[in-house]
Structure formats: structure tokens, C-alpha cells
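Q: Sequence and predicted model, in that order:
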Amino acid sequence: MPEAKRKSPVKTVAVVGFGNIGSGVVELLYQKGIPGLKLVKVVEADLTRKRRVSVPPELLTADWHEVINDPKIDVIVELIGGIEPAKTIQLAALNAGKDVVTANKKLLAREGQEIFQSAANLNRRIGFRASFVGCHALIHEFRQAGTAAKKFRRIYAILNGTSNYILSAMTRDGKTFEEALKEAQAKGFAEANPSDDIDGLDTASKIRILLGLISNSYHHAADFPVEGIREITSQDVQYAGELGYSVKLVGVIEQTDGVFSVSVRPTLVPQISLLGSLQEAYNGTEIEDEYGVISGLVAPGAGTYPTADAVIKDLLDIAEGRPMLMPDSAEPLVLGPSQNEVRRYYLRFSVVDQAGVLAQICNTFWKYNISIAAVIQKEATSKEFVPLIITTHMSREGDVVSAINEVDKLPFVKAKTQIIRILAADT
């Protein structure tokens, strides 16, 4: 008779943090039950606060040291967020011989080098699908391809549901940025202080984690350009639509011969593309492999249950002994200078309506070897100036920035020129 399949031992789990995400994880582990996993402790600083999920008092503690020092606990799920005490808890858990699962993208982006290096040295595992919940299926994609960065030419990703909701509302209803932000806050898609989301910081944290993942390096890469969506106007959204584009906040990782080009910026993407058609609070990722094959992933960008589901998937990988995909190399990451990036550009000038304006701009562009693809002059939106829209052919970032700095000093320019990168088929 064939030998019976040996069952993996049940992994005991402690959840540190009993907020929205922690409540979702506790609900799945305790109330619904997950084979192979057993919830044995929940750590919460305020034990008097009422929550939508109830557990017996003996499962609750206010002292995270208790679960670190308990040899019967196998895995710590850290869901308190922020840098401290989250970092201390994760490192203490690893040093105590426990595996860690976390949704803490800010911590991994900022302090990931020390945390992943400790895990590698101690032969422990860290699950972090939930740190970029909207595209955590990328873990499977990377596992299939291996962790060699050469297998991926580029990753273009929308990784912030708040920003995508705001830009979608501006596109759909012609709202201003401020109006769309208020709507997002009213519907629970944006925090009272949305700075991390709308200034691109949340996306930048996720892109930094992805960069380490595809390069198999926990080395902290140099800073890269990060811009948010505060300066995007309803006019930009309208003009982009007339040109066949959607405005999106896009994280970019491009790789050539081991050198990475990384950025987070508002970007024009074709309306008919996966990213260009992505609406509401959804996240999406477009990946091009070394053979030029493009694939895409779409998922809800946030929420209690999507995040909790990502945590559970990591816990099951640990419980069932599957390999965890995590950076375990100290190889340095080389980022190319952003001024050497070559792509297309959307430029919105605010100029006085007079003869010779376009000629002077074109002269400056000629000086910096910038080729114009299209010119659109719109009707005046104020008494002081008219909008002049120019799109370029492929141009070097440093040349475009230098040209715009020069043009903006000309007397007929009445406001800072809007620069938005274009990601199109020929980019």
C-alpha cells in the first residue's frame, strides 16, 4: 500500500496588533479556522477597547514580550505598523527562533536591510505579501521565474488605491483634485491625513520592497525620484484623455545590464492598456520579462479581508514548509541617474497669448535636442495666460528638465510648467 502522506505539524501563531487588519486575521484564524494554523495569543495595547471580533480573555495580552518569550509560539504576525516598536518586535522574534509575517511596508522599505539580513543569518522566514496587498500575486509570479533580476526588463505598477481612486474620480466626473480627495475620504478610501498616499510615499515603499524582491538583495538602494499627485489638475486629466491617455500614479522599475531605473511619478499611460483602464481603488502591475512577454495582475488595493488573506497565505507557506520568496543576498543595487532616463513627455505651459511664443520654446527645445510630437493650444482658462500643451518624442530626462527650467524663465511664461512622463508602447 502507498505510504500515507505525512501531515505537517500545526503552527502556533501570535498576532501583534488588533486593529482593522489584525481583527481580520484573528477572525480567519480563530472564528473560521485554518487547517495547519492555531491562534494562541493576540497582543493589543488597549485591552478595554471593543472590537468587532471577540476572543477569550486568556488569548489576550498587552505585553508583546510575552509572545516573544513563549517557546511554544512558532510565528509572530506583526500588524501594528510604523517603525518602532515594530522593528524591535520583528528582530526579537527572529532572534527567538520564530518566523515573522508582516504587512508593514514602511518598516521593510526603510529598515528591510537589517531585518532580512537577520532572517537570512538566523535561517528564519519573513512573509510580507500583505505589504503590497494589491499585487501580492507577484510572489507567485516571481517564484515561478526565480529571483534573478535579469528575467525582468521592467515592472510598471499602480500600487496605491487612494491615489487611483482620486485620479479615477477626476477622470470620470471632471472633479478637481481637492474635490476628488474629499470624496475619497468620505467613502473611506483616504485617511484624514492622506499624505503618504497622495505624495507617492506609500507607492515608493512598495516599489522598494519589489526592487529587493526581484533583485534578491536586501541591500538598501539609493533614493529615487518620488512625486505625488497634488499638482495634477482637472485640465491635465482632460487633455490627457483627448490625447488617448489616462493619468495614473505609477511606480517604475526598469533594468538594463544590472542597472535599475526606479521612480514613482504621475504618468500618462494609454487608456486601452491594463494600467490605463484601471479604475477606483484597484491596484495593477504590468511586467515584461526578458523575452518581451508582457503579463498583468489586478487586485483590490486595500481592505481588511484582502490584506488578511495575504497574511494567511504567508502563514500557510510557513506551515506547509513551502519555500518563502524573500531577499537573502547582500549584493549592492545599482541605480542609474534619473537624468539619463529616456522617455516621452507631456508638457503643459502657461503662456501669454502672443506671437512668437511657440517659436521661442521650439528654439530652446532644439538647443537640448528635444523633438516635438504634438502641439495643442487650448482656450484661455484665465485672463493672464493660455495653456499650451506639447508632447515630445523620446527625450532624455536631464535635457527636458534643463529646457523647461530655461523656458520657465522667459517673460511670457506665467506659471511653472507641468511635466508628466508618458509610458507608451515605444517608451
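A: Ah, there it is. Numbering: from 1, shown residues only.
Q: list the buried ones in stretch 89-102?
A: 89, 90, 91, 92, 93, 94, 96, 98, 99, 100, 101, 102 (16 or more other C-beta atoms under 10 Å). All C-beta spots, glycine's among them, are computed from the backbone N, C-alpha and C.
Q: make that stretch 12-26, sorry
A: For stretch 12-26, by 16+ other C-beta under 10 Å, it's 12-18, 21-26.
Q: Check stretch 36-47 too.
A: 37, 38, 39, 40, 41, 42, 43, 44.
Q: Pretty sure the fifth one sits in a strand.
A: Yes - Residue 41 sits within a strand when classified using DSSP: H, G, I helix; E, B strand; the rest coil.
Q: Make 40 the first number, not 1, from now on.
A: Let's use 40 as the start, then, which means that last one is residue 80.
Q: quick one, phi/psi of the nearest residue in space to residue 410 that is not next to it in sequence?
A: Once flanking residues are discounted, residue 410 sits nearest to residue 432: 4.2 Å by C-beta to C-beta, 6 or more residues apart in numbering. Taking degrees, to the nearest 10, you get phi -80, psi -170 for the backbone angles of residue 432.
Q: List the residues that contact residue 432.
A: 383, 410, 411, 412 (C-beta atoms under 8 Å, 6 or more residues apart in numbering).
Q: ok, which pair from these is furthest apart?
A: Spanning the widest gap among the contacts of residue 432 are 383 and 411, at 10.8 Å by C-beta to C-beta.
Q: closest to residue 275 among the buried residues of stretch 51-65?
A: residue 60 (34.2 Å).
Q: Which members of the buried residues of stretch 51-65 are positioned in helices?
A: 60, 61, 62, 63, 64, 65 (DSSP state H).
Q: Correct me if wrong: residue 170 contacts residue 245.
A: Yes - checked against C-beta atoms under 8 Å, the pair residue 170 and residue 245 is within contact range at 6.9 Å.
Q: Mind listing the shared neighbours of these two?
A: Both residue 170 and residue 245 are contacted by residue 144, under the criterion C-beta under 8 Å, 6+ apart.
Q: And the lengthiest helix in the chain, what does it pack against?
A: Ranked by residue count, the top helix of the chain under DSSP H comes out as helix 144-161. If contacts are counted by 3 or more C-beta pairs under 8 Å, 6 or more residues apart in numbering; DSSP states H and E, helix 144-161 sits against helix 125-134, strand 165-166, helix 240-254.
Q: Could you export the next helix or strand after the first one as PDB, CA atoms only?
A: Meaning helix 125-134. Following helix 125-134 in sequence order, the next helix or strand is strand 138-141 (DSSP states H and E). The C-alpha trace of strand 138-141 is given here as PDB (Å, rounded to 0.1, in the frame of the first residue of the first chain):
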ATOM      1  CA  ASP A 138       9.200  33.200  11.800                       C
ATOM      2  CA  VAL A 139       7.600  36.500  11.000                       C
ATOM      3  CA  VAL A 140       4.700  37.600   8.900                       C
ATOM      4  CA  THR A 141       4.000  41.300   8.400                       C
END
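Q: Output the contacting helices and strands for strand 138-141.
A: strand 114-117, helix 125-134, strand 165-166, helix 343-358.
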